[in-house]
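Engineer: Output the structure for:
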Amino acid sequence: MPQLTEEQELQKRQIYETLSQRARKYVDKVGYDAWDPFQQPNDPIDLRKFTTDRTARALAMAFLHQRQEEQYSNDYARAVLDISMGLMDNNERYRAMYEFCRWYCAQPQVHEQSMEQRSFSRE
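Structural biologist: Sure thing, here's the model as predicted:
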């Protein structure tokens, strides 16, 4: 633990005195000297940035907003978020899906046939 100033030591003592019995028990178990009440929290998973300097959620939402078709299912939106998080983590599974999709799009005859068969209407 970093060295605390006199003012921080006083704050630490005041924080300790206002803790509940259960929390004090935890601090005592860890050791008062090892306990750091000023510790910075870890970054949540959603705040990790992709190479585009966007979060996975922001990337997914931008994609969904730019789609031409306005209707999409919850499963579709979940899949978009899932793949954006997988690509952000550089997960090999999602990277393979991405590379396959790029290859697939380069196959015009197959792609055009599948686009004709695709339907998102809920009839």
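Engineer: Neighbours of Arg93, how many?
Structural biologist: Applying other Cβ atoms under 10 Å, we find 10 residues neighbouring Arg93. The C-beta positions use only the backbone N, C-alpha and C, and glycine is treated the same way.
Engineer: oh sorry, the question was meant for Ala23
Structural biologist: Ala23 has 12 nearby residues by other Cβ under 10 Å.
Engineer: Show me what the strand or helix carrying it is in contact with.
Structural biologist: Using DSSP states H and E, Ala23 maps to helix 21-30. Helix 21-30 has contacts (Cβ atoms under 8 Å, 6 or more residues apart in numbering) with Tyr16, Leu19, Trp35.
Engineer: Buried ones among these?
Structural biologist: Trp35 (16 or more other Cβ atoms under 10 Å).
Engineer: Just send the contacts of helix 21-30 back as TSV, with pLDDT, secondary structure and distance to Glu69 too.
Structural biologist: Listed next are the contacts of helix 21-30 as TSV, based on pLDDT from 0 to 100; DSSP: H, G, I helix; E, B strand; the rest coil; distance: Cβ to Cβ, whole Å:
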residue	pLDDT	secondary structure	distance to Glu69
Tyr16	92	helix	58
Leu19	91	coil	54
Trp35	87	coil	54
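Engineer: Right, I'll leave it there.
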